[in-house]
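Chemist: need coordinates for the below:
(one chain, ligands or ions: 2)
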Amino acid sequence: MSTEKLDELRDRLEGLDTQLLELLNQREALLQKNGALRVESTSALRDKVKHYKTGHLHKNVMLNLVKVLEDAGKNPERQNDRHLLVSRKRHPENTVLTIKEEKIGDGIAHLIAGPCAVESEKQLDDAARAVKAQGLTFMRGGAFKPRTSPYDFQGLGLEGLKLLRQAGETYGLAVISEIVDPRDMEAAEKFLDIIQIGARNMQNFELLKEAGKLSKPVLLKRGLAATIEEFMYSAEYILASGNDQIILCERGIRTYEKATRNTLDITAVPILKQETHLPVFVDVTHSTGRKDLLVPAAKAALAVGADGIMAEVHPHPGQALSDSAQQMNPKEFERFVYDLTASGLFNKVRA
Ligand code: PEP
Ligand code: MN
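Modeler: Ligands and ions are numbered 1, 2, ... in the order given. Take a look at the predicted model:
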């Protein structure tokens, strides 16, 4: 075919494509005027295709196109995802949080470490010393523990938050703890530097809205069986209520796999980094549930762009009142930090 002929064909195709897009857009504009017409018109279009004369395009391809139009119309408000406050399309720069003069989300990763639960002043003091000994800034510790069994240790509640604040002041650490009840948000704001919303409460929308009214950063964990989209919508609740200081935390999801406590969805990290502008952490303790996997999981997380890691350390894991099998003792924790640093991935973490 001559070059002129090819150019002419290209021009015609381009013209047709432009018309096609214009027509699809016009069709959508009409449907948005009256949503009730959506189902009716899609089914009429499907009938039209079925009775359409056999042409160049196979009918199955046309029916697939109808299906795409139908799906696009199912959730018209979701077509506006690009307008979500969490979306990187809306906010192209990384959100960077400043907590105790440390920046989270600026490309230098951080480690949040500490016991599963605050158990006593002594236990927390020993844990804080282990965290501080590694030159870290952020300490975790659960005070309100969402336990599967009501007979398991439920945490020290408000007293736990006070102990955290005290240890934080003694060792110069920023403290983070989970809040499960909107009524505790005020106390949380007083005692904590970061408020955690746990996996089980990722879709507790009233809690999310309360967290959205705070002026403190919120670390939001992914739900046990939440899709990435649902996770982002939960963060959207917090943002839409006025708080843009959010850290997303992948902590593994429920699958059929039993080798680990949960299945760490490692690709959630780059997806969330691409789709949102928020810092992303990975909790290696609750995702793997296995001490032998903490280092490889943390390395993987940092390698795919995580802004930080969460891990549990307890002065005497064997005596811990929760998650005793998966918490590191101070010696193991030292090794964990050493291995991460030696990997080169953590050098930037602690620079
Ligand atoms: C926790 O971090 O203490 C915790 C309970 O984790 P998750 O909400 O991810 O299960
Ligand atoms: Mn735990």
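
Chemist: now residue 315. Its backbone dihedrals?
Modeler: phi -60, psi -30 (degrees, to the nearest 10).

Chemist: so residue 96 is in contact with residue 106, correct?
Modeler: Yes - in this structure, residue 96 is within contact of residue 106 by CB atoms under 8 Å, at 4.8 Å. All C-beta spots, glycine's among them, are computed from the backbone N, C-alpha and C.

Chemist: helix, strand, or coil at the closest residue to ligand 2 within the stretch 251-351 of the chain?
Modeler: At 3.6 Å from ligand 2, residue 323 is the closest residue in the stretch 251-351 of the chain, using CB to the ion. Classification of residue 323 by DSSP: H, G, I helix; E, B strand; the rest coil places it in coil.

Chemist: again with the one 3 residues further on
Modeler: Here residue 326 is coil, with the state taken from three-state DSSP.

Chemist: need the contact list for it.
Modeler: 261, 285-286, 288-291, 312, 317 (CB atoms under 8 Å, 6 or more residues apart in numbering).

Chemist: if we go to 6 Å?
Modeler: 285, 289 (CB atoms under 6 Å, 6 or more residues apart in numbering).

Chemist: got a list of what the residue of the stretch 251-351 of the chain closest to ligand 2 touches?
Modeler: Residues in contact with residue 323, defined by CB under 6 Å, 6+ apart, are residue 116.

Chemist: next one: it from residue 19, what distance?
Modeler: If you measure residue 323 against residue 19 using CB to CB, to the nearest Å, the figure is 61 Å.

Chemist: and residue 258, that's in a helix?
Modeler: No - looking at residue 258 with three-state DSSP, it is coil, so not inside a helix.

Chemist: ok, now how distant is it from residue 223?
Modeler: For residue 258, the distance to residue 223 - CB to CB - is 20 Å.

Chemist: who's more crowded, these two?
Modeler: Neighbour comparison, residue 258 and residue 223: the larger count goes to residue 223, with 20 against 7 (by other CB atoms under 10 Å).

Chemist: for ligand 1, what's the nearest residue on the stretch 151-300 of the chain?
Modeler: residue 198 (3.0 Å; CB to the nearest ligand atom).

Chemist: can you count the residues close to the closest residue to that residue other than its chain neighbours?
Modeler: Among residues not flanking residue 198 along the chain, residue 178 sits closest, at 4.7 Å (CB to CB, 6 or more residues apart in numbering). Applying other CB under 10 Å, we find 25 residues neighbouring residue 178.

Chemist: I figured residue 178 hits residue 194, correct?
Modeler: No - using CB atoms under 6 Å, residue 178 is not in contact with residue 194; the gap is 10.2 Å.
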